[in-house]
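In: structure, please.
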Amino acid sequence: MPLSVRIEGFAIVSEDGMLANAPGVMPDSLKVEADQRFFEQKLDGVDVVVHGRHSREQDENSQDRRRIIVTRQVLALGSDPSNARALFWNPAGATLEQALNMLGTPLSSIGVLGAADVFDIFLDRFDVFYLSRVSGVRLPGGRPIFRGIPPNTPEEVLALHGMSFLRNEVNVDGLTIANWRRSRRILSSEPNI
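Out: A predicted model of the protein is given here:
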């Protein structure tokens, strides 16, 4: 049965397409107030947040959100003992639909926070991707947003996966938040998503 939820992606990157520096830490130079406000407002509009074990949002509503944490620490699906609203999901052992069903409530939208391995799972399924970019920040040897960066840019990777630039949502003080929309549906070769 095909999944009929809206899937939105969110990421802020440096000029060279990095989410974090080489040790995997997001530097303060990528923590921009206008982006945080936009991000929190958009996350308030989704039913469940999907992210990796080391990625998460840290606003006042974080603990109230239902979430799926992508990890290899479980075989398929598992409860998060520290958060009753969270579920551990290993895409190698269970489908996204199975994970959503385990949450047990109707869903119409998913917000994907990353990191790169998580974004790559959804590249052919995003309905919209909000790509925030900070000018003047470069992170040589850092952690890229998607596989294939470099040599490609994040925008080239999104386009290769059927996304098209729609418009800039925000363009202030060196921050641009670009709205990318699905222009054509890609058939996923991944059996478990």
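In: which parts of the protein are helices?
Out: 33-43, 96-103, 116-122, 154-160 (DSSP state H).
In: dump those helices into TSV; add mean pLDDT, distance to residue 77 and mean neighbour count as well.
Out: (Each C-beta comes from the backbone N, C-alpha and C, glycine too.) Output for the helices of the chain, formatted as TSV (pLDDT from 0 to 100; distance: least, C-beta to C-beta, whole Å; neighbours: other C-beta atoms under 10 Å):
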stretch	mean pLDDT	distance to residue 77	mean neighbour count
helix 33-43	93	23	16
helix 96-103	91	5	17
helix 116-122	93	15	20
helix 154-160	97	29	18
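In: and of the ones you listed, who's closest to residue 50?
Out: The closest of those to residue 50 is helix 116-122. By C-beta to C-beta, the value is 6.6 Å.
In: so what does that closest one touch, helix or strand wise?
Out: Applying 3 or more C-beta pairs under 8 Å, 6 or more residues apart in numbering; DSSP states H and E, one finds that helix 116-122 contacts strand 6-13, strand 48-52, strand 66-70, strand 109-114.
In: at 10 Å instead, please
Out: strand 6-13, strand 18-20, strand 48-52, strand 66-70, strand 109-114, strand 143-144, helix 154-160 (3 or more C-beta pairs under 10 Å, 6 or more residues apart in numbering; DSSP states H and E).
In: which of these sits most buried?
Out: strand 18-20 (a mean of 24; mean count of other C-beta atoms under 10 Å).
In: could you list the low-pLDDT ranges of this protein?
Out: 1-3, 54-63, 184-193 (pLDDT under 70).
In: pull the longest strand from it.
Out: Counting by DSSP state E, the longest strand found in the chain is strand 163-172.
In: list of residues touching that strand?
Out: With contact meaning C-beta atoms under 10 Å, 6 or more residues apart in numbering, strand 163-172 is reached by 9, 32-35, 37-38, 42, 123-124, 126-133, 155, 157-159, 175-184, 186.
In: just give the strands next to it in its sheet, each with its orientation.
Out: strand 175-182 (antiparallel) (DSSP bridges).
In: how distant is the partner strand from the center of its chain?
Out: 13 Å (C-alpha atoms, centre = their mean, to the nearest Å).
In: please name the residues that touch the closest residue to residue 130 other than its chain neighbours.
Out: If the residues on either side of it in the chain are set aside, residue 130 comes closest to residue 10, at 5.1 Å by C-beta to C-beta, 6 or more residues apart in numbering. Contacts for residue 10 (C-beta under 10 Å, 6+ apart) come out as 35, 38-39, 42-43, 46, 49, 51, 57, 111-114, 119, 128-132, 177.
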